[in-house]
Structure formats: structure tokens, C-alpha cells
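Visitor: based on what follows, work out the 3D shape:
(2 chains)
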Amino acid sequence: MQISTNQFYATSSTLMSQLSAQADTLQTQISTGKKLQDPSDDPVAYQQLQLLTRQTADDTTYQANISTAQSLLSQSDSTLSSVVSQIQRAQELAVQANSDTVSDDQRQAIATELRSIVGTLAGLANATNAQGKPLFGGSQGTAPVTQNADGSVTINATGSATSIPVGQSQTVVAGDSASDVFGGIDNGSGTSDLFSILNSFADAMEAGGDSPTSAAADAGDALANALTHVSDVQASVGAREKRLTLMSSTMTDTAATRETQRSSLEDTDITQAVTDLQKTMTILQATQASFTKLSSLSLFDYLK
Amino acid sequence: MSDILNIGASGVRAYQSAISTVSDNIANSGVEGYSKRSTVLAEVSSAGGTTSRQNVTSASGVIATGVARAGDAFREANVRTATSDLGASDSAVQWLDQIQTALTGNQLPDQLTGFFNAANAVAADPSASAARTTMLDGAQSVADAFSATGQALDTVATNLDATAQDSVTTFNGLAAALAKINDGLSRNVSGTTGSAQLLDQRDQLLEQMSAIATVSVTTDDVGRATVRVGNASGSVVVQNNTAGSLSYARGSDGAVSYAVHFGGDISSAAIGGGALAGIADGAQRLADAQSRLGQVAASFVDGVNTVQAAGADLDGNAGQPMFAIGDTPTDISVALSSGRGIAAAAPGAGALDNSNLLSLGALRTSGDYEGQVTQLVTDSASALSARQQVADAQAAIQDNAIADRDSVSGVSLDNEAVDLLKFQQAYSASSRVIQAARDIFQSILDIR
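Guide: Below you'll find the predicted structure:
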């Protein structure tokens, strides 16, 4: 078989361009750090990578939502602590009032302090979060409670607070409505709210008369129930905060695993790639050298 | 005596033309499609043409009877088949690559993810206008990505049509040129340099035609080619000095069809290989991608707008459609003008409610738009990857077929050098014969 001159040049040129293309691919893989440039390089890996990218993007939002929920819950938590200390102060007043030796003046003073506690609690109930929205607003954006001219307090906020998405089909209710926190206190025969308990206690103290001690005893029982109720709410807030912390740390772990997966699918193995490039370059150089030698061989050189 | 002179002269003439053929080979060694030629030399039989006599003592020299062309019809046919196969794969790779670029260029799955995540951020704080604005921007990005991807596919379709039209025009030009070559061949004497040139051109034209569409070729005794499109039972497109033409059409469903027009007859053509087959393959993939993308877009818009309609916006009004669809399913625009219009809440639930946005999250899971777009890209990428591998194999097959053909018909300069030397020496020797004849004759004249 003869090798035609044309064919010799064409073959050499094809071989050298193939080697150059191979070197170029490796060079791109090394400089970009990615071994996959197009989906067609590895369709299966592309699909997996898309899923990983999506999960990473989702988790970024979920992490931000967890932070928002955590901040809302911790604001609720500290506000509820203040509510608890106000109830405890009212309990002290109830104990103090539950004595025959308390004078009418002292009862008046107790009533005044109770009215101020109601005011403080109404203020706490209307506390706003970092975004300027009511903490205990439920699903409404309006003021959770209104204190009327006669000192009584109306609870407006109802409904469930915003349930924030914090994971794939997982939500956390990042707050409680005022009716849940201050209302719904079990009084044996039904429910009442904290404001009416305190206001009727103050009314009884102001009225004086025959049975202030028994009113104080009743108020003491009702306040104990209120304390239990609010503490339950606070415990539930704490439990939700704890769940979020756990979710957040799980998410961080998952992200690390995902990163390992992504890297194994997509990243260039630099050692391997550099070795391959070196090999390709060596072969290319050898091909160029042998081509130069072979192409300079011609019988015409010897015909004189 | 004159015999010797004539023999010497015939040698000089014959080897002169042999050297000229060798020179021609050397000069054309770099020319594409040139087949090696050789001068056919034959002994001239003695006067009277009868060699049956017992005592033939003298011959009458040598004659160059013609020029032989080192062509091999079977090897040529192999090259054509390999070229058609490679042409189909190469062209399919080119179009699938363009489709892949069109599908991935606008990061559609990422934009969809961004939109749904922006909705989750709004769900965390439904009354915040910043989050709502971000979500509306996300909606705009999704609309843009759908429109841009749809337009990119449309551009590929336009390019595909233009390329197919160009290829068909080129093919028809080649067919017309081949008919002229056929005409030339019928008027040329075979075994001449002229006919060898025409045959070289014929084979080159056929090879170029086979890169565009599979052709089935038969030749008659003077070398005229009859060309059929597709296999041996395909429609005739070139016969003797008449050339037909090929036409291209793409239906509304995106499917490509070709037809052969010959002498007033029109018949549909089954293109087995060549660039036109790759174009048909690409067109089918393209139509599939367009229809699937359109379905995803329509279902996405419908789903989001349905969720919007089921909720209430920040002002407590019933949710208005978020997206509007234009002329094509992917021609999407954002209909809401303000983030306040995003229907995050259930009707009557209040400004801090986000239950309707949670339905959007459910829609994301049930609709799996991101997954569908990714699947579309993956399907296209798998097809591309498979064809790339086939194309690599076919390139090797074509290289082999060409090497095989050139081993017979290609010019090797070393071989030509040997021939040149050989004929040069024979020429010198023949001229010595003339000199010898003259010397002998002179010696007779010198007798006194």
C-alpha cells in the first residue's frame, strides 16, 4: 500500500489538531476548575447538579426565613418574660390584698398599681417587631389590643400568626396572636382574659366593702391560671426556637454534604488533569518532531 | 536502418509523454480530488500487423496509447457512504449544540428557582414591600427567561431553515455541474487526459453531493454518472446531461421534508444521510423542545395565575393574574405593576397571612417546572452526547475510507520520483538509439 503525499499531510494535520483540541479541553478544565462545560459533557451529572443547585438556592432562602422566625420568636420570648413578671407582680399584690389588716387606702394604692399593670400589659401586647409589625397581631396587621377610655382592654387580634416556610413543606408559626396569649385563660367555668381578671380585681379593691379578701383570693387563683397559660405559650415559643436551631444546624450539615457531592460531580481533579495535559503535550511534541522529520524525507533530495 | 531510427524516435516520443504525465502528477500532488495518472505504453507490432509469421526479426518501437486514471469505483463509493454518514452526524451535532445553547443560555431553571424562593421570602414577612418587590422582579426574570429561551429556539429554527435552503441550493448547483460533466464525458474520447480530468471532477462533485445528501451512483461505459437521491431505489436527480433539483420544506409541526424535481415530476425524497438528514434530525429535536417549553410555560403561567386568583393582595382585594401570555406560549410578560398585587393571603385573612403563598409552594412541587425544564435540557444533551460519539467514530471510518482510496488513486512523490528517473533514463537511451542509427547510416555513407 502506498501512502499518498496528500494523505500523509492530511493525516498528520488531523492527528495534531486532535491533540491540540485535547490539550485545549484539559486547559479549560484546569483554568475553570470545572470538568463539565456543557450539559452534553455528562447529561446525568448535569441533572444531578441542577438538583443540587436548586436545593442550595432553596436552603439559602430557608436559612434567611429561619433567621427571621428566630428573631421574631426571641422578641416574643422576651416580651412574654415581661408579661410573666407583670403577672407575678399582680400575684404579689393579690397576696398582699388577701388580708383583713389591709386598709382602704392601701387597697386604693393596690388598685392604682393594678391599673398601671393593665396599661403596661396593653403596651406589651401591642409591642412591635423589628419590622414595625405587631408581635401578637395574628394574621391582622392592625394593633392587637385597644385600651378603652374606661381602662378596659379589647383584644382585636385573632387568627393564626404568619407560618413561615423554613424547609421543604415545613413551616413554623413565628408568633402568637394576642387572643392566644392574653385570652383563653381557664377559670374553671369557662375562659377569661388577663385584662378582665386584673381590671375586675382592681374594681373590687376600689369598691372596698365586705369581701375584699375573698375577691383577692379569687384573683390570686385566676392569676395563677393566667401565669400557667402565659408560661405555656412561652414554653411553646421556646420549643419552636429550639426546633429552628436544630433545623438550621441540620441544614448546614446537609449543605456540606451537598458541596462534597457537587465537587465530585463538577470539579476538575487538578492532579489528574495536569498529568493528562503533560501527557498530551509530550505526545503532541513527539508528533510534531516526527512529522518534521518525515516531511523532510523526499527521494527528490537524492536525485542530482 | 530507418527501422532503428523509427524505433528510437518512437521511444523518445513515448517517454516524453510518460515524463509529461509524471510531471503532471507531481504538479497536481497537492490538488484535492486529483487521481494519479499513468501513460499506457504498448509495443508497436511489426509492419502489417501480423506477428504470426515465424521469423519476425524486427519490431517497430513503442507507442503511448493513452492515459490511464488510477480510480477505483468501489473505494469511491465507500468514501461517499462514509461522507454521508459523517455529514448527517456532524450536522445533527451542530444543531443539537445550538438547541442546547438556546435552552441553557438564559438559565431558565435558576430563574424559576429564584422566583419560588422569592415567594418563600415574602411568606416570611408578607407585609414587607421589599420582599414583594423582589418577588415581582423574580417574576419578571422568569418571564424574560421564558421569552428569551423561546426566541433563542426561534432563532435556531430560522438558522436551520436558512442553512437547509443553502445546502439544497448547493446540492442543486452540484447536480447541474455534474450534468455538464456527463455531457463532456459523452463527447470526450476515453483514455485521454481530458477524460481523466472530467472523471476527477465527476468523483469530486459526487463526494460533495454525498456530504449533503446520500446519493446512489451508477456509471455507464464512458463514465457518465446517474445519480439517485437516497438508496438505489431513490428518485433520479441527474441522468446524462439532465439535472433535476432538490427542494426543502418544513411543516407547521416542525417536521422537515425533501422532494426531488426531475423532468416535471416531483417525488418525495428519503434522505438517508448527509447534512440534510442531520438538519431533519435537528428540526425534529427543535420542534420537540419548542413544544415542551411551550407546555411548561403555559402550565406555569396558568398555575401561578390560578393561585393568584385564589388569594387576596396586600390591600385585601382579590388577586389579579401575575403573568400574561402573548402570541406564543413562551411570550410571557408580567401583568402586575406592583408588589402589593401579590396575593399572599387567603381572602379576608389579613395582611400578615401567607397561606396563599404556601399554595404556590405546593404548585412548585406538583408542577415541577424546574424539573421539567432540566429534563428537557438533559434529553437534548443526551441526544447530543450520543451523536458526538457516533460522529467521532464516523470520522475515523471516513478517514480510513479516504486513506484506502488514496492508497490507490493518490499521488506519492517518492513513487513519482522513481518513475521520473525510469522514464528519463529510457528517454536518454532512446535518443542514443537515434544516434546509433545515424552512426550506422553514416558508416554506410562513409564507404568509399
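
Visitor: let me see the mean pLDDT of stretch A:220-233.
Guide: Over the span of stretch A:220-233, the pLDDT mean works out to 92.

Visitor: list the buried residues for it?
Guide: Buried residues in stretch A:220-233, counted by 16 or more other Cβ atoms under 10 Å in any protein chain shown: A:220, A:222-223, A:225-227, A:229-230, A:233. Bear in mind the C-beta positions are built from the backbone N, C-alpha and C, glycine included.

Visitor: cool, and stretch B:153-162?
Guide: Within stretch B:153-162, the residues scored as buried using 16+ other Cβ under 10 Å are B:153, B:156-157, B:160-161.

Visitor: so where do the strands sit in chain B?
Guide: Listed from the start of the chain, chain B has strands (DSSP state E) covering B:37-43, B:62-69, B:215-219, B:225-229, B:236-239, B:242-243, B:245-250, B:256-262, B:265-269, B:323-325, B:332-334.

Visitor: where along chain A do the strands fall?
Guide: Here chain A has its strands, by DSSP E, at A:145-147, A:153-155, A:163-167, A:170-173, A:185-186, A:191-192.

Visitor: any low-confidence regions in chain B?
Guide: Scanning chain B for pLDDT under 70 picks out B:1-2, B:46-59.

Visitor: if we can go back for a sec, which among the buried residues of stretch A:220-233 gets closest to chain B?
Guide: A:Val233 (18.1 Å; Cβ to the nearest Cβ).

Visitor: wait, what's in contact with the closest one?
Guide: Neighbouring residues of A:Val233 by Cβ atoms under 8 Å, 6 or more residues apart in numbering or on different chains: A:80, A:176, A:180-181.

Visitor: select from those residues every entry located in helices.
Guide: Judged by DSSP state H, helices contain the following of the contacts of A:Val233: A:80, A:180-181.

Visitor: who wins for neighbours among those residues?
Guide: Counting neighbours by other Cβ atoms under 10 Å in any protein chain shown, the top entry in those is A:Val181, with 30 neighbours.

Visitor: sketch out the low-pLDDT regions of the stretch 51-200 of chain A for me.
Guide: For the stretch 51-200 of chain A, no range has pLDDT under 70.

Visitor: chain B contacts on that one?
Guide: Selection of the stretch 51-200 of chain A residues close to chain B by Cβ under 8 Å from any Cβ of the partner chain yields A:51, A:53-54, A:57-58, A:60-62, A:64-65, A:68-69, A:131, A:133, A:137-141, A:159, A:161-165, A:169, A:171, A:174.

Visitor: filter those down to the buried ones, ChimeraX style.
Guide: In ChimeraX, a selection of the buried entries from these looks like this (16+ other Cβ under 10 Å):
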select /A:51,53,54,57,58,61,62,64,65,68,69,133,137,138,139,140,141,159,161,162,163,164,165,171,174
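
Visitor: dump the buried residues of stretch B:153-162 to JSON lines, plus distance to A:Ile283.
Guide: As requested, those are exported to JSON lines (distance: Cβ to Cβ, whole Å):
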{"residue": "B:Leu153", "distance to A:Ile283": "41"}
{"residue": "B:Val156", "distance to A:Ile283": "37"}
{"residue": "B:Ala157", "distance to A:Ile283": "42"}
{"residue": "B:Leu160", "distance to A:Ile283": "38"}
{"residue": "B:Asp161", "distance to A:Ile283": "43"}
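
Visitor: inside helices: which ones of those?
Guide: Per DSSP H, the subset of those in helices is B:153, B:156-157, B:160-161.

Visitor: ok, the residue nearest the centre of chain B - contacts?
Guide: By Cα atoms, centre = their mean, chain B has its centre lying nearest to B:Ala275, at 3.2 Å. If a contact means Cβ under 8 Å, 6+ apart, then B:Ala275 has B:87-88, B:90-91, B:167, B:211-213 as its contacts.

Visitor: may I ask which two of the contacts of A:Val233 are separated the most?
Guide: A:Leu80 and A:Asp180 (11.3 Å; Cβ to Cβ).

Visitor: for chain B, what is the nearest residue in chain A?
Guide: Closest approach between chain A and chain B, counting by Cβ to the nearest Cβ: A:Ser4, at 2.3 Å.
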